[in-house]
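Engineer: Next come a sequence and a model predicted from it.
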Amino acid sequence: MSFALPSLPYSTNALAGRGMSQETLELHHGKHHQAYVTALNGLVEKNPALQGKSLEEIIRLSHNNAELTPVFNNAGQHWNHSRFWESLSAQGGGIPGSLEKRLVADFGSVDKFKETFKNAAATQFGSGWAWLVLGNEGKLKVIKSGNASSPLATGEGKVILVLDVWEHAYYVDFRNRRADFIDNFLAKVANYDDAAEKLQRA
């Protein structure tokens, strides 16, 4: 079983009027994400112990395993990016009532959630991710992770929403202005409807 690049749930130009250009999506999805999938398939092909395992199983197996670091990096990036595409929407930015209620309950206000998320995304040094997760204690919380790590790898909760803060995610559109990229995500493209559905399922 080989892994495949998932199709985007929207066209590559769907977010162009909301701060994420067609060029960014074509490069990020079609080149960067595809490269992780291709590399992962090559690594699995050479390692019989990994063959037949799900992506999630491979991530957990390779996490903190020095011999499998290349496997973890590519499997993690494949999984993380797949969650990221789901966190974007051309109709993004509007928070449904069910999610708003939980954000107020767990953060104090929607503004406090956004401030916490923005801080996590902005202070992740170098490459990484900012996540809204349903923690193991049953409350929403914001965490960040470096490189290919994730809440799946560390067991810190179920992913509700995620933002990629690797430079390749924003450099075409925002150059080095990560803070503007984060603000744009929260205000215009964050798929809060999908987040609400994930929260309900979780």
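Structural biologist: Good, I have the coordinates.
Engineer: can I see the domain layout of the chain?
Structural biologist: Domain assignment for the chain by automatic domain parsing gives 20-86, 97-201.
Engineer: Which parts of this protein are strands?
Structural biologist: 128-134, 140-146, 158-164 (DSSP state E).
Engineer: what residue of this structure is the furthest out?
Structural biologist: Most distant residue from the mean C-alpha position of the chain: Pro48, 28.6 Å away (CA atoms, centre = their mean).
Engineer: need the contact list for that residue.
Structural biologist: When the contact criterion is CB atoms under 8 Å, 6 or more residues apart in numbering, Pro48 has no partners at all. Every C-beta, even on glycine, is put in place using the N, C-alpha and C of the backbone.
Engineer: Could I get the contacting residues of the residue nearest to Asn47 when sequence neighbours are not counted?
Structural biologist: Distances taken as CB to CB, 6 or more residues apart in numbering put Val71 closest to Asn47, at 7.3 Å, once the chain neighbours are dropped. The contact partners of Val71, taken as CB under 8 Å, 6+ apart, are Leu40, Leu43, Val44, Asn47, Leu50, Ile58, Ser62.
Engineer: Restricted to buried residues, select these in ChimeraX.
Structural biologist: If you want just the buried ones from those in ChimeraX, going by 16 or more other CB atoms under 10 Å, the selection is:
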select :40,43,44,50,58,62
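Engineer: With that, I have no additional questions.
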